[in-house]
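Trainee: just need the structure, nothing else, for what follows:
(chains A and B)
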Amino acid sequence: MGPHPKRPLAGIRIVDLTVVAAGPVATSLLADLGAEVIKIEPTTGRGAPYSPDGLLTPHVPGTPDRPYNRAPAFNEFNRGKQSVLLNVTQPSGMEALKRLTAISDALVENFSPRVMENWGLTWPVLRKIQPDLVYVSLSGFGATGLYKHRPAFAPTIDATSGMEFLTGYDDSGPIKPGYMFSDFNAALHGAYAVMTALFARRRQGKGQWVELAMRELGTLMTAEALLDFLANGRLPQRTGNQHPWKAPQGVYPCRGEDQWVALTVSTDEQWRTLCRLMGREHLAEDQRFALAHDRWRHRAEIDPLIAAWTRERAPAEVMHLLQQHGIAAGAVLDAPSLLADPHFCARGVFRRVPHPETGEDLYRHQGWRLSRCSIAPEKPAPRYGEHTRSVIEGLLGMDIDAMIGQGATRLEPP
Amino acid sequence: MSGQALQSVRVLDTSHSLAGANCTWLLAGMGAEVILVEPPSTGNHLRSMGPFWGRTPQPERSLLALFYHMGKKSITLDLRTDTGRGIFERLVTPQTVAVVDYPPREADRLGLTYDTFAARHPEIIVTSITPFGRSGPYHDFTASELVLEAMSGHLYLTGDPKREPLKSFGRQALLQAGVTAAVATLSALFWRDATGEGQEVDVAAAENLTIYTGDAPHQWYTRQILLRRNRSRNNKLEPKMGYPSNTLPCKDGYVHLRYGSGGLEDFALLTNDPRLLDPRFLEAPMGHADEIDALLLPWLQVHTKAEICALAAELRIPIGEVLGPDEIAADPQHQARGFFVEVSQAGGDALRVPGLPFRFGETPWDAQRSPAMGEHNSEVYGEALGYAEDDLARLRAEGVI
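Mentor: Just a heads-up that it's a prediction; the model follows:
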């Protein structure tokens, strides 16, 4: 045991070649855990505010300069990293990447497989550069097979993984689950893969190539329906907000525009309590609704009765009242209510971190806390190329002026 | 290299929800010794949940248990009894992780917290998975999957803008909490390696799912722009956002079309329709989403998913076919990569499962069958703890195991 670390992955250095969302989110998690994450960015720029990846959305009004340093999503997904500009099509740029890899513990990328192949950076090559490297690839469809070159974005993975087919109202077609579901699902699994391989390396002394496909990780999330088909040949229906056997369950309208509350009644006793709270004691006596399976059968009759009651109330009011009586209920939080929610505020979920150009960025805490140390995001996202000089000169000992002359790096944005 | 990545780690899994089960599924597949601690009277909760193999509700035929308990050992133990608790403590080694997904109050009552173990086993890691975490005003709130999705902000971003927000398929909040719990457990293992210290790991399912709202909070925070649900279209509505990003019907199903670096021009090429290059569309693609859909639909309706995706792959346009479980099960890419594996069950039947999430070159993922309830009682209590057959019979009679 060495000196007491500040965070769990202190002392781990990661070369980060990831782009867009799934990869960067995975490596930002590793940065929160204390790893030194060195993000390699192209010398051609981070892209315009309306770039195709949708991440560099319009920046804060009234701050026209350097929008690429101000994109909220980019900064959230890259907080705590260093940024180094390299043009790896120039020999000295490639040399810098290889030298950095040689002194790093892991390399993570989420390109389509042809990118690393075109650069000649296959696993046999990387292993020669750094024999105990952990190399994690996280492509859309995997590094092998006939779909390996298919491009992927979160919603096309939602579709091809099975998640979208299964999500929808009972009378609608398939509907995309959430906002960028497959990116975040892949990011979490990707982080798990990197950490597991690093753990194995620590115990057993060897690196390895770990290969993942976003689409397989999405399909994994459909296991419940997939197993029912594989074992029983049964195809599921889309069922909206229904519970398979509990009723009432649903999302009910509240006072105000687009305000909703979600609730699930799990027991007959909870049902009677709900009736009392709604001032509808007679419903508790109604034999059609007394038992769970009867309520489920008559759920279409119950839902309007609940909606009539919730419509007069604010989501938080219904939530607190039902929770006081042990019934699962929650306000459907939109962004402003998420940011203002007393529980999330008390737990410090959304954190304001000073950033030299935006003034302040919003970063989310990971979904867990450790009692021995903080893993809260504290360091801002790097400005484009902010660490180019310190890494190339300081860490790698290379001649940065020569590299600039060769077009292999730059200190000013294009 | 010999062995598996996590082979030195022992996990005592007291969980009963899909969150805990998925966490320890990930740990078991990477070689941790996971001992599932099941209540002797009812068995692990997954055993009573459908769907069931052959559609008959029997604890040994629950598909969720057969899948998510793969590679684990099973013992029966009543943690509500003092004897049971005492036996549980004897199973704790310096390499132990306990996974607990009881609500905070219940976990405290059962003594399944880091503080309870710390005096005798300071090196233990207790991974707690709860709806809202072990602190904060809502820590005692009760939740369902729907409520978790609601309070994370994920629900608000799913569904039709003219209807109520929509739950995603299955139990995503719980499953994602499970993945995070596995990552979180690893973070505590790294800490223990460096310091020798154990600790409490506090995973909060609703909080964890807030990550899935992407930059929706940021858009509000920086610009007071509210992202809403938008069916299968991009949740960002600004006219200048790229388009298409939508799921549209085709000849034999649905495809999701997503603009890539070629923008709308890719789709003009794909459908051979120069009308898509209207300067108004190019200037503000999302602003003309309905008009663009209307131009794409006739072409889509005379092409099959396979035709569209083959063309798209050639042109490197990101289009994804909307696939159901039957198509996924027969998918050539999954087959080529061996994503599905046949797992022989105790009775001799083989169950086909999506069993290869990661390809580790040196410390491979392992897909072993799920145990029967109490299958490892004699191994764990007898061989490891030294209980004689008489002791076990007595404990069984008392309902402790």
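Trainee: and residue 364, what's its pLDDT?
Mentor: Chain wasn't specified; assuming chain A. pLDDT for residue A:364: 97.
Trainee: not quite, go with chain B.
Mentor: Reading off the model, residue B:364 has pLDDT 95.
Trainee: contacting residues around it?
Mentor: residue B:4 (C-beta atoms under 8 Å, 6 or more residues apart in numbering or on different chains). Yep, even glycine has a C-beta here, placed from its N, CA and C like the rest.
Trainee: just say helix, strand or coil for it.
Mentor: Of the three states, residue B:364 takes coil according to DSSP: H, G, I helix; E, B strand; the rest coil.
Trainee: what's the neighbour count on the residue in chain A that chain B sits nearest to?
Mentor: At 2.6 Å from chain B, residue A:367 is the closest residue in chain A, using C-beta to the nearest C-beta. The number of residues packed near residue A:367 is 28, by other C-beta atoms under 10 Å in any protein chain shown.
Trainee: CA atoms of the helix or strand of chain B with the lowest mean pLDDT as PDB?
Mentor: The helix or strand of chain B with the lowest confidence, counting by mean pLDDT, DSSP states H and E, is helix B:216-223 at a mean of 91. What follows is helix B:216-223, C-alpha atoms only, in PDB (Å, rounded to 0.1, in the frame of the first residue of the first chain):
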ATOM      1  CA  ALA B 216     -31.800  18.500 -20.800                       C
ATOM      2  CA  PRO B 217     -31.000  20.000 -17.400                       C
ATOM      3  CA  HIS B 218     -28.100  21.900 -19.000                       C
ATOM      4  CA  GLN B 219     -30.300  23.300 -21.700                       C
ATOM      5  CA  TRP B 220     -32.600  24.700 -19.000                       C
ATOM      6  CA  TYR B 221     -29.800  25.900 -16.800                       C
ATOM      7  CA  THR B 222     -27.900  27.800 -19.500                       C
ATOM      8  CA  ARG B 223     -30.700  28.900 -21.800                       C
END
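Trainee: what's it packed up against?
Mentor: Applying 3 or more C-beta pairs under 8 Å, 6 or more residues apart in numbering or on different chains; DSSP states H and E, we find helix B:216-223 packed against helix A:72-78, helix A:335-340, strand A:359-364.
Trainee: redo that, cut-off 6 Å
Mentor: Identification of packing neighbours for helix B:216-223 by 3 or more C-beta pairs under 6 Å, 6 or more residues apart in numbering or on different chains; DSSP states H and E yields helix A:335-340.
Trainee: what comes into contact with the following helix or strand past the least confident helix or strand of chain B?
Mentor: Per DSSP states H and E, helix B:216-223 leads on to strand B:245-250 as the next helix or strand towards the C-terminus. Around strand B:245-250, the neighbours that count as contacts under C-beta atoms under 6 Å, 6 or more residues apart in numbering or on different chains are B:232-234, B:254, B:256, B:258, B:300, B:303, B:305, B:308.
Trainee: if you set the cut-off to 7 Å instead, what comes out?
Mentor: The contact list for strand B:245-250 (C-beta atoms under 7 Å, 6 or more residues apart in numbering or on different chains) reads A:155, A:159, A:164, A:174, A:176, B:232-234, B:254-259, B:293, B:296-297, B:300-301, B:303-305, B:308, B:322.
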